[in-house]
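*Asks:* Next one to model:
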Amino acid sequence: MNQTLIPPVRRAFAALAISCALVAGLAPAASAIGAPAPVPASSEAGKKKVKLDASLSKKQVKVNEKVTLKGSLRAEDGARTDGTDSLEAIIVQQLQGSVWVNIADTTCRPNSTFSLKLSFSFSAVITLRAYHPETTLYASAYTSSNLTLRVG
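*Replies:* Next comes the predicted model:
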């Protein structure tokens, strides 16, 4: 049996290199443990709140029949007064399992209405909601109640 022995100097150098790497990697983590975590500022702080309402024109449709989803986006603190209201995204989401999946989208100005036609090519009971993602001006919002549509 031929074993290669590492000379003691190389072994000491390797141990020193590994120790330095471990200390360098753990030093930031150790200092972070001792200090309290900074409190992040709320991403929605200072943004206008909006309320999103939506309803379906029918509660039951046939496969491939169109149903209209109508709704409104209201800025609770009032509309912007400089006349430059932006178009805000409205996303229609479907509950699939326990996850909300985006299926359609449109735009709407604050304190205005939107309308969107949807159709489904399969029979099912579908749960929908409308969602407004957070923007630089407005906080995120979604409909307070889910919309149920029976397709079949």
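
*Asks:* Quick check: which ranges of the chain have low pLDDT?
*Replies:* For the chain, residues meeting the criterion pLDDT under 70 lie at 1-45, 77-84.

*Asks:* ok, now with 80
*Replies:* For the chain, residues meeting the criterion pLDDT under 80 lie at 1-46, 76-85.

*Asks:* Show me the strands in the chain, by range?
*Replies:* Per DSSP state E, the chain carries strands over the ranges 50-56, 60-61, 67-75, 88-96, 99-108, 112-118, 124-132, 141-142, 147-151.

*Asks:* May I see those arranged in CSV, with mean neighbour count as well?
*Replies:* The way it works is simple: take the backbone N, C-alpha and C, and place the C-beta from them, glycine included. What follows is these, written out as CSV (neighbours: other Cβ atoms under 10 Å):
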stretch, mean neighbour count
strand 50-56, 18
strand 60-61, 16
strand 67-75, 18
strand 88-96, 18
strand 99-108, 14
strand 112-118, 15
strand 124-132, 18
strand 141-142, 18
strand 147-151, 16
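
*Asks:* Does residue 126 touch residue 151 like I think?
*Replies:* Yes: contact status for residue 126 versus residue 151: in contact at 6.1 Å, counting by Cβ atoms under 8 Å.

*Asks:* and for the two, which residues touch both?
*Replies:* residue 120 (Cβ atoms under 8 Å, 6 or more residues apart in numbering).

*Asks:* so who does residue 89 touch?
*Replies:* So residue 89 contacts 105, 106, 107, 132, 133, 135 (Cβ under 8 Å, 6+ apart).

*Asks:* Closest to residue 51 out of the residues you listed?
*Replies:* For the contacts of residue 89, the minimum distance to residue 51 (Cβ to Cβ) is 9.4 Å, reached by residue 132.

*Asks:* nearest spatial neighbour of that closest one, skipping sequence neighbours?
*Replies:* Counting by Cβ to Cβ, 6 or more residues apart in numbering, residue 132 lies nearest to residue 141, which is 4.7 Å off, once chain neighbours are set aside.
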